[in-house]
Each structure stands twice: as C-alpha cells, then as structure tokens.
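1. Predicted model and sequence follow; I will ask about them next.
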Amino acid sequence: MENENIQVVASFDEGGKFKPTAFKHGQKLYRVRSINLSHSIKRGAIREFIFNVSDGANNWILVFNTENLKWQLQSQFIYS
C-alpha cells in the first residue's frame, strides 16, 4: 500500500508553514495527533514535503507533491 493517493486536511501555522491535521485512508478518517518529523526534498523542479505523523498509536509517512498538489500515503506502520 505504498504511494496511494489520499485526502488530507491541512492547516497553516502563524509562521505560514502548513501541516496535515487529518487524512482519509479507505473509509476511515485519522486525526493527526503529532508530527514526528517533517522535511522537504527536491526532485528536479519538483519539491515534496514529507511528514511522519501519528494518531498516538500508529504512524504514517505522508508526502505532498507541489507539482500536482496531491498527497500520497508513502508508508504506514499500524500497531493497533
């Protein structure tokens, strides 16, 4: 289940940086309780923002592509 397109709710902080706050995978909505790591990489002219997020029990890696403005679920680590 890698690189699957997903729907994400994101918000901007006071400094203008955006972060995911919830996402829908399948029919389930997950609320992001913490962002464990975030960074960006450049692939040619395309910048991707990568977020390692958690709902308190499970972890996911979400990627935002600035070229097509889509979010993808890159990896998931389900513990419950």
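-> In hand now; what should we look at?
2. could you pull out the strands for the chain?
-> Using DSSP state E, the strands of the chain run over 4-12, 18-25, 28-31, 34-43, 46-54, 59-65, 70-77.
3. For the ones you listed, give me CSV that also has mean neighbour count.
-> (Each C-beta comes from the backbone N, C-alpha and C, glycine too.) Below are these laid out as CSV (neighbours: other CB atoms under 10 Å):
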stretch, mean neighbour count
strand 4-12, 13
strand 18-25, 16
strand 28-31, 12
strand 34-43, 11
strand 46-54, 17
strand 59-65, 19
strand 70-77, 16
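4. Need the ones you listed in TSV (columns: mean pLDDT).
-> TSV is the format used below for the strands of the chain (pLDDT from 0 to 100):
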stretch	mean pLDDT
strand 4-12	96
strand 18-25	96
strand 28-31	97
strand 34-43	96
strand 46-54	97
strand 59-65	97
strand 70-77	96
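5. Skipping adjacent residues, who's closest to Gly67 in space?
-> No Gly there; residue 67 is Glu. Ile46 (4.5 Å; CB to CB, 6 or more residues apart in numbering).
6. Any figure for the gap between the one you found and Asn58?
-> Per CB to CB, to the nearest Å, Ile46 is found 28 Å from Asn58.
7. Ok, Leu73 next?
-> 12 Å.
8. Check Lys70 too.
-> Applying CB to CB to Lys70 and Asn58 gives a distance of 22 Å.
9. Could you do Ser11 as well?
-> 21 Å.
10. Report the contact partners of the most centrally placed residue in the chain.
-> Centroid-nearest residue in the chain, with CA atoms, centre = their mean: Leu62, separated by 2.7 Å. Contacts here follow CB atoms under 8 Å, 6 or more residues apart in numbering; on that basis Leu62 touches Ile6, Val8, Pro20, Phe23, Ile50, Phe51, Val53, Trp71, Gln72, Leu73, Gln74.
11. Now do the same contact list for the nearest residue to it once chain neighbours are set aside.
-> Nearest non-adjacent residue to Leu62, counting by CB to CB, 6+ apart: Phe51, 4.8 Å away. Contact partners of Phe51, counting by CB under 8 Å, 6+ apart, are Lys19, Pro20, Ile35, Leu37, Ser38, Ile61, Leu62, Val63, Phe64.
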